[in-house]
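>>> Give the three-dimensional model of this entry:
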Amino acid sequence: MQAHNKTVVKSMQILTLFINHPKLTFNEMMELSNLPKTSLHRMVGSLEEMGFLTKDDNGHYSLGLIFLQFGQLVGERLDIRSIAYPIMKDLRDDVEEAVNLIVRDKDEAMYIEKVDTLHPVRLYTSIGRRSPLYAGDSRIILAFLPQEERENYLENIRLKPIAMGTITDKTKLRHAMDEARSNGYTITSSELEDYTKAVSAPILNGKDEIVAGISVAGIEARFQEDRLPELIDKVTKAAKAISVKLGSQTH
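I've put the predicted structure just below:
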């Protein structure tokens, strides 16, 4: 463990050199880092192989394009939270149910913001909670991914039952995703926890790509059929308001 920690520390020592230096030669990195030549050579090679560093034809190193991806994701998620929160709070105050903000994290979904219901009987969900993309309010994200990504996910995932309403048949799941894209929202029942219900809508960015989902979720008894049209209307409007602030023009 200590050896791995030292490797990480040295790697960060190399990468942080580029905060103040857009480009560096190998010798310049050696002078600035005070690392032994052999050790530096090995670590620079690994960082280049993983895409964290790139080398031009003149032998100058710079940070790899992967940092643009990381930076975009971090910035986007932070922006979503700050933009979404007041809209989520208004929605919670209006419908008096818990409102969740969900993003994709590889093959899972993560809850990154929540405004809880004031009802004493509530559905337990915490910031940082993870769930599979195929189940519950998380499915709104899967449904709006590009077709190739959806199919790749379905080919490589095993649908496990989580609660009594979890969809474990891939044909039914595809149908549910088709409906979500057609309707612009999902209604899920007892998929992550028994006797719960959620209404979810997609949040799109300026490229009209799915970047998050917003949901109203709670105890099934408070989500009667005659109330669903109101919840659908308010959740989709909240999703649109957030998407517009992120630059989307699709809604």
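
>>> Low-confidence bits of this protein, can you list those?
Residue ranges of the chain with pLDDT under 70: 1-4, 72, 75-78, 119-124, 250-251.

>>> all helices in it, in order from the N-terminus.
For the chain, the helices defined by DSSP state H cover 2-15, 26-33, 37-49, 66-95, 139-143, 147-156, 170-183, 228-245.

>>> how far away is the closest residue to Leu246 other than its chain neighbours from Ile127?
Of all residues not flanking Leu246 in the chain, Asn205 sits nearest, at 4.8 Å (Cβ to Cβ, 6 or more residues apart in numbering). In short, each C-beta sits where N, CA and C put it, glycine included. Applying Cβ to Cβ, to the nearest Å, the value for Asn205 to Ile127 is 21 Å.

>>> Out of those two, name the residue with the larger neighbour count.
Asn205 (17 against 12; other Cβ atoms under 10 Å).

>>> need the contact list for that one.
By Cβ atoms under 8 Å, 6 or more residues apart in numbering, the contact list for Asn205 reads 76, 211, 243, 246-248.

>>> Show me which of those residues are buried.
The neighbour count (16 or more other Cβ atoms under 10 Å) marks 211, 243, 246, 248 as buried among the contacts of Asn205.

>>> I'd guessed the last one sits against Gly206; true?
Yes - shown here, Ser248 and Gly206 form a contact pair, counting by Cβ atoms under 8 Å, at 6.3 Å.

>>> who touches both of the two?
By Cβ under 8 Å, 6+ apart, no residue touches both Ser248 and Gly206.

>>> Residues touching stretch 35-44, excluding its own?
Residues contacting stretch 35-44 (Cβ under 8 Å, 6+ apart): 7, 10-11, 13-14, 26, 29-30, 33, 53, 61.
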